[in-house]
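[1] model the structure of this input:
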Amino acid sequence: MDQSVAIQETLSEGENCIILVLHAVQCLALLNNVTESRLLGLVEHTKEYALFVFTHRRMAITGDDVTLEQIIPISYDFAIFEVSSPDELAVVGADTRVQVIFLDIELELRLPFGSHTRLFLSEVTRAWSDVCKYPNDTPKFEWLTKYKKDSKKPGFVNQSVASTGATFTKMSQLKRKEKSQKADSKGQAKEEKKTNSAAEKSRAESISESQGKVKRDERNDQVRSSSHTVSNKAQMLSLPQFGLRDNLIKCELLKNEDLYTHLENFSFFVGTYNVNGQTPKESLRPWLSSTPNPPDIYCVGFQELDLSKEAFFFNDTPKETEWLKAVSEALHPDAKYALVKLVRLVGIMLLMYVKEQHAKHIAELEAETVGTGIMGRMGNKGAVAIRLRFHNSDICVVNSHLAAHTEEYERRNQDFRDICARMLFRQSDPTLPPLTIMKHNIVLWLGDLNYRISELDVEEVKGLIIKKDFETLQNHDQLRRQMDLEAVFVGFMEGEVDFQPTYKYDTGSDDWDSSEKCRVPAWCDRILWRGKGIEQLHYRSHMALRTSDHKPVSSLLQIGIKVVDEESYKKTFEDIVRTLDKMENECIPSVSLSQREFHFTDVKYMQHQSKTLKIHNDGQVPCHFEFIQKLEEPAYCKPWLTANPNKGFLAQGADMDIELELFVNRSTASELNSGQQQIEDILVLHLDRGKDYFISIAGNYLPSCFGSSVQTLCHMKEPIQEMPLESVWELSMKSTDEINADGEKPMDIPKEMWMMVDHLYRNASKQEDLFQQPGLRSEFEEIRDCLDTGMLDSLPGSNHSVAEALLLFLDALPEPVIPFSLYQQCLDCCSSSIQCKKLVSTLPPCHKNVFNYLTAFLRELLKNSEHNRLDLNILATIFAPLLLRSPANQDIAEKRKTQEFLQHFLVQEHS
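    Purely as a prediction, here's the structure:
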């Protein structure tokens, strides 16, 4: 559960609860030989850290559920080390016992087994390590004094906060002085070690005895690794957080999962609702409480939560809170639920609730978003997803809103593939590659998928609906057809659709769309699943809700979840550890590679190429591999190359395919166009405790107008790929003065830009949703090839594809139309039309011509706003970050200033 939110509510402004996995760590504290539950938070303020210890009631959901009890500053006088005995370390599921020391404060804590504890302790250790590295930079901790005054329970807090003053400084100086003395240091260290070991042993025995009286925390989390008992700072700070042994144990446990798990059925209510930008106007109970018994888990998705421009461009909406409240009030009344996670991208929102008694069995919670709108970034279309481990099953829930319009089914297919490729979840073990959607045991996919009914007109469809002949309608359903062709959702299932289409209705009624467009009814809103042990109990629409032009849909799924049997788990783990002990240090790992040299032919801008490297573990032991950095290199490979996965674990005799993926984008195209970089690299594949293998990458890049400068393109009379490669490189590397010195008059604007703008001016001035609806990637590739080779006199593809190509062209310019050097001046004068125009007049000639040409074109589009649905704000928001690009990350205030700057040039003839 997201208990860090409760801690955050108790903190002052500027202080953050740092919990890597969005969870505070709940623990048991040994106080006067009695164990009591506590909540730990690692809190940061201006690079100073402290542990906050809270008492709490039930699950800590809000700040009212926790009370600050103690603050422990992480200073040079702080120490933390594990006091678990070797016997405890070998037991799967055993809690982690640590001792925290600060001056005269000593705390014994028992933290629950799992990834949350490990990540939390690694962050505490990192903060402590930073302090120890710089002992002369004494933290002041002045920000902690406010908690002395505000604490509801002052005794404990005051003691540790007060210690951060003069006593802290004095003790730090004394300790540094003692550490600088060398006499008898070795002997003293040995004596101290003996004393500490004896004390730890005694303390461990007493804790073990007392905790035998306390009921064990029943948590079935991921694999626990064995670790070492640490008795001093140097050892603790040098220990790796994760190692080969962890991966070996985890792999073996996964292989033997059937030995210690059994399936237990849980009910999942999955719902989707496109609310068409409306606010909640009626209770959602007819939808969310429609099951006789309360479900164990709710997965509720919304689309088009907010259709305003503010939501579209700034991802900010007050409707999130309104719909969250409406959902919370409509959950099944016969159970109590906790909100697990909320994730939103513009108008796409996903909520997950769980019965309170199941909350402790949720772990490894992550949320991600992927925008598939224009240029593959805008969030008006795309997906949000939540992944988690429930008991011992990995679950991923995806809520998506795919491209609209009947004829755009190929674009919907592309959106699905993009979401699957780009939705990546980081794992709790940072040595492991991110998880994709399809890497989960169970995938639930819901949303407005926007697939329509084709080849039937509106009256034919309505006639079949009246007859309830849904089978005939399903034969014309685009999603069903695309799934049959295995173009999308391969391996997914959908229950029988025996309810009428959920789109499109007149808002506030059950009547079909009566507008001028008279949309053909369609099953846009769908719920699919992938995985074993899943049975659908119902699949229905909810006609009683009339807030939107869509009807909500729900599916009740009974899912077999893998639940761990603790005794079997312990036995399996111990067997694995014994086997590994025999194998360890006996053999050196070894692998064989399918090939050592790879060549990529005719690499093009934004066109993915991939080759497969096959690895076989031909050694006698499992091995951990990783592509490692070469000397003086920032990464293991060049930025246009990726190895997927770039690290991993290989069991004895196992094989793995590694995809070597090459993709040139705006950040790498410029240097490849100019010849400063070549498609050349050496990958170093390193085996833990083994040798290194070297893999050669080579290829040739076809230069493109995408990623070339305005200045260079204006001096190219021929298409870029028709020129000798050396001439392209030479021209790209010349300065403006050197080019002008050649005496050859450049073109006013790049011919490639003229072709795209001219095409749009002649064919798309009245195109609905121009620059807002994405094109097809295959059509972009045809447009790119046409511009780079000059093979065609007119551009191929749809108007939307040409429009997106123009945006991508501007985005790829190494120096934007308004150069980086003038960016700040543009912000400073954005409120003055005269100053803005004066500044543009000082641009280099080619840049000035391009700016004036583009803004004239945009003014022409505004003359047809009734047809293309463009307005001043939309165009300014889309084009400002391309024409006036920031050399660094922009904040919202800067974005608004760039839009204000551009609007002065768009309003001129439009007003």
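
[2] just the buried residues of the longest strand seen in the chain, please?
    The longest strand of the chain (DSSP state E) is strand 261-274. Across strand 261-274, burial judged by 16 or more other Cβ atoms under 10 Å covers 261, 266-274. C-beta: built from backbone N, CA, C; applies to glycine.

[3] got a list of contacts for the following helix or strand past it?
    As assigned by DSSP states H and E, the chain's next helix or strand after strand 261-274 is helix 285-288. With Cβ atoms under 8 Å, 6 or more residues apart in numbering as the contact definition, helix 285-288 has outside contacts at 269, 271, 273, 298, 300, 327, 330-332, 542, 544-545, 552, 554.

[4] let's go with 10 Å and repeat that
    Residues outside helix 285-288 that contact it (Cβ atoms under 10 Å, 6 or more residues apart in numbering): 269, 271, 273, 295, 298, 300, 326-333, 353, 540-545, 551-554.

[5] could you list which of these belong to helices?
    Using DSSP state H, the members of the contacts of helix 285-288 that fall in helices are 326-330.

[6] ok, those residues vs N644, which is closest?
    N644 lies nearest to V327 out of the ones in helices among the contacts of helix 285-288, by Cβ to Cβ, at 36.9 Å.

[7] count the neighbours of the closest one for me.
    Look at V327: counted by other Cβ atoms under 10 Å, it has 24 neighbours.

[8] one more: the one 5 residues further on?
    Other residues within reach of H332, judged by other Cβ under 10 Å, total 20.

[9] so who does the residue nearest to it when sequence neighbours are not counted touch?
    Residue nearest to H332 in three dimensions, not counting chain neighbours: P294, with 3.7 Å by Cβ to Cβ, 6 or more residues apart in numbering. P294 is in contact with 267, 269, 331-337, 355, counting by Cβ under 10 Å, 6+ apart.

[10] let me know the pLDDT of D64.
    You'll see D64 listed with a pLDDT of 65.

[11] what about the helices in the stretch 1-150 of the chain?
    For the stretch 1-150 of the chain, the helices defined by DSSP state H, counting those that start in this stretch occupy 4-10, 86-89, 115-133, 145-150.

[12] err, the stretch 401-550 of the chain, not the other one
    409-422, 458-466, 470-474, 478-484.

[13] what are the contacting residues of the second one?
    Applying Cβ under 10 Å, 6+ apart, the set of residues contacting helix 458-466 from outside is 452-453, 456-457, 469-473, 476, 500-501, 512-513, 518-522.

[14] if we use 6 Å, what do you get?
    When contacts are defined by Cβ atoms under 6 Å, 6 or more residues apart in numbering, helix 458-466 is touched by residues 453, 472-473, 500, 518, 520-521.

[15] can you pull the buried residues of it?
    For helix 458-466, by 16+ other Cβ under 10 Å, it's 461-462, 464.

[16] CA atoms only for it - export them in CSV, please.
    C-alpha atoms of helix 458-466 as CSV (Å, rounded to 0.1, in the frame of the first residue of the first chain):
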residue,chain,number,x,y,z
VAL,A,458,-25.9,2.8,-39.8
GLU,A,459,-29.4,1.5,-40.6
GLU,A,460,-28.2,-2.1,-41.2
VAL,A,461,-26.4,-2.0,-37.9
LYS,A,462,-29.4,-0.6,-36.0
GLY,A,463,-31.7,-3.2,-37.6
LEU,A,464,-29.4,-6.1,-36.4
ILE,A,465,-29.3,-4.5,-32.9
ILE,A,466,-33.1,-4.5,-32.7
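
[17] average model confidence for that helix?
    The model assigns helix 458-466 a mean pLDDT of 95.

[18] cool, and the third one?
    Rounded to a whole number, the mean pLDDT of helix 470-474 is 95.

[19] most centrally placed residue in the protein?
    In the chain, the residue lying closest to the centroid (Cα atoms, centre = their mean) is E368, at 3.7 Å.

[20] need the contact list for that residue.
    With Cβ under 6 Å, 6+ apart, E368 has these contacts: 385, 423, 425.

[21] now do the residue nearest to the first one when sequence neighbours are not counted, the pLDDT please.
    This points to A385. Leaving out its chain neighbours, the residue that sits closest to A385 by Cβ to Cβ, 6+ apart is V398, at 4.5 Å. pLDDT recorded at V398 is 98.

[22] could you list the low-pLDDT ranges of the stretch 751-900 of the chain?
    Residues of the stretch 751-900 of the chain meeting the criterion pLDDT under 70: none.

[23] S670 - how many residues pack around it?
    21.

[24] for the residue nearest to it when sequence neighbours are not counted, helix, strand, or coil?
    Once flanking residues are discounted, S670 sits nearest to P814: 4.0 Å by Cβ to Cβ, 6+ apart. Secondary structure assignment for P814 (DSSP: H, G, I helix; E, B strand; the rest coil): coil.

[25] what of the one 4 residues further on?
    For I818, the assignment made with three-state DSSP gives coil.

[26] going forward, the N-terminal residue is numbered 140.
    That works, and once the first residue is 140, the last one we named lands at I957.

[27] report the contact partners of it.
    Neighbour list for I957: 1022-1023 [criterion: Cβ under 6 Å, 6+ apart].

[28] so it versus P1026, what's the distance?
    As defined by Cβ to Cβ, to the nearest Å, I957 lies at a distance of 11 Å from P1026.

[29] one more: D927?
    Computed as Cβ to Cβ, the D927 to P1026 distance reads 28 Å.

[30] ok, and for stretch 511-520, which residues are buried?
    For stretch 511-520, the neighbour count (16+ other Cβ under 10 Å) marks 511-515, 517-520 as buried.

[31] likewise for stretch 547-565?
    Buried residues in stretch 547-565, counting neighbours by 16+ other Cβ under 10 Å, are found at 547-548, 550-555, 557-559, 561-564.

[32] between those residues, which sits nearest S729?
    When the buried residues of stretch 547-565 are compared for distance to S729 (Cβ to Cβ), L563 comes out closest, at 30.6 Å.

[33] what's around A1032, how many residues?
    Other residues lying near A1032 total 8 when counted by other Cβ under 10 Å.

[34] can you find the helix or strand of this structure with the lowest average pLDDT?
    helix 372-377 (a mean of 29; mean pLDDT, DSSP states H and E).

[35] return the backbone torsion pair for the residue nearest to the centre of the chain.
    Here the main-chain torsion angles of E507 (degrees, to the nearest 10) amount to phi -140, psi 160.

[36] what's the distance between it and P431?
    Separation of E507 from P431 (Cβ to Cβ): 34 Å.

[37] swap in H500?
    Distance, H500 to P431, using Cβ to Cβ: 24 Å.

[38] ok, T185 next?
    54 Å.

[39] likewise E772?
    According to Cβ to Cβ, E772 stands 62 Å off from P431.
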